[in-house]
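Engineer: quick one: sequence and predicted model below, then my questions.
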Amino acid sequence: GAGVSQSPRYKVAKRGQDVALRCDPISGHVSLFWYQQALGQGPEFLTYFQNEAQLDKSGLPSDRFFAERPEGSVSTLKIQRTQQEDSAVYLCASSLRLARGLETQYFGPGTRLLVL
Amino acid sequence: KQEVTQIPAALSVPEGENLVLNCSFTDSAIYNLQWFRQDPGKGLTSLLLIQSSQREQTSGRLNASLDKSSGRSTLYIAASQPGDSATYLCAVSLNSGGSNYKLTFGKGTLLTVNP
């Protein structure tokens, strides 16, 4: 079956541009997560959705970052007025059930964002 | 704030060798600990999950142990193969009520197994 897919795989943006990153989770998965992975670092939690509800956005680094999942399936991470420090790989993960800490998270391949 | 450290940062071994990857964390009030594998250009794959009440988990040639009180975990890989070459990441979640899902990752260990 299909895993988690993300698009685009690579994105180059000029500083100040807005970007939108898409995540298609595994069909039927209730929970969806976004992570940011800077070069040479481990992933850092950004936000968590349970169906269409954004239950935790504590990891979003600034108000330029916005995520949505309006129908409880596909999710979009939007970054406004991109800055060079936003350059990273953005990973999306989904899990089948409500996230209580014991579920396997299935990760997508990520979107590599480079801000010039 | 929970901090996760992985040692070594990189490791190169000949095929067939047994090896150990180390992970330490600063806050022992964890809910679980997971080991992931990351291949270049690909996402993370979960290898093993150890609940805070457990001491170890095994899957094939992989064995992960957890010593919560000392804030340490090890991933043991037996009879390493070139296909094991990847970055191995350790992640913990805090026992924090409603946000047990929130993972804190280490920087990873880059493993190269030479044929």
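Structural biologist: In hand now; what should we look at?
Engineer: and the pLDDT for the closest residue to A:Phe65 other than its chain neighbours?
Structural biologist: Residue nearest to A:Phe65 in three dimensions, not counting chain neighbours: A:Ile79, with 5.6 Å by Cβ to Cβ, 6 or more residues apart in numbering or on different chains. Every C-beta, even on glycine, is put in place using the N, C-alpha and C of the backbone. On the pLDDT scale, A:Ile79 is placed at 98.
Engineer: contacting residues for the closest residue to B:Ser69 other than its chain neighbours?
Structural biologist: Of all residues not flanking B:Ser69 in the chain, B:Ser28 sits nearest, at 6.1 Å (Cβ to Cβ, 6+ apart). Contacts for B:Ser28 (Cβ atoms under 8 Å, 6 or more residues apart in numbering or on different chains) come out as B:Lys68, B:Ser69, B:Ser70, B:Gly71.
Engineer: show me the contacts for the first one.
Structural biologist: By Cβ under 8 Å, 6+ apart, the contact list for B:Lys68 reads B:Ser28, B:Ile30, B:Ser52.
Engineer: go with 6 Å
Structural biologist: By Cβ atoms under 6 Å, 6 or more residues apart in numbering or on different chains, the contact list for B:Lys68 reads B:Ser28, B:Ser52.
Engineer: any idea how far chain A is from it?
Structural biologist: B:Lys68 sits 15 Å away from chain A, taking Cβ to the nearest Cβ, to the nearest Å as the criterion.
Engineer: before we move on, what about the second one?
Structural biologist: As judged by Cβ to the nearest Cβ, B:Ser69 and chain A stand 20 Å apart.
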